[in-house]
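Chemist: Okay, sequence plus prediction incoming.
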Amino acid sequence: NLPIMVTGGGLRGGHHHRFERTGRDGRPLCDLYVSILQKLGVETDRFSTSSANLNHLVG
């Protein structure tokens, strides 16, 4: 387990998200990294084993 807290005004607050390779959500943590990179202005749609971004979490 790797607890990560993401703070700032660009994300919807008050939510807990779980990222696993398999299981309930099946979303890899790399998807979160792609979204963070995109918010920082990096033009990419992949990071390691990412399958998508999580821009739906961005407010």
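Modeler: Sure, I can see it. Everything numeric in this text was worked out from a predicted model, so none of it was measured.
Chemist: and Pro28, how many neighbours?
Modeler: Residues near Pro28, counting by other Cβ atoms under 10 Å, number 19. The way it works is simple: take the backbone N, C-alpha and C, and place the C-beta from them, glycine included.
Chemist: no wait, Ile36
Modeler: Ile36: 18 surrounding residues under other Cβ under 10 Å.
Chemist: ok, now the one 10 residues further on?
Modeler: Taking other Cβ under 10 Å as the neighbour definition, Arg46 ends up with a count of 13.
Chemist: need the helices for this structure, in chain order.
Modeler: Taking DSSP state H to define them, one finds helices in the chain at 29-39.
Chemist: Under the pLDDT cut-off, which ranges of it? List them.
Modeler: Applying pLDDT under 70 to the chain picks out residues 1, 9-12, 20-26, 58-59.
Chemist: ok, the most centrally placed residue in the chain to Gly8 distance?
Modeler: Nearest to the mean C-alpha position of the chain, by Cα atoms, centre = their mean, lies Leu32 at 1.6 Å. Distance, Leu32 to Gly8, using Cβ to Cβ, to the nearest Å: 13 Å.
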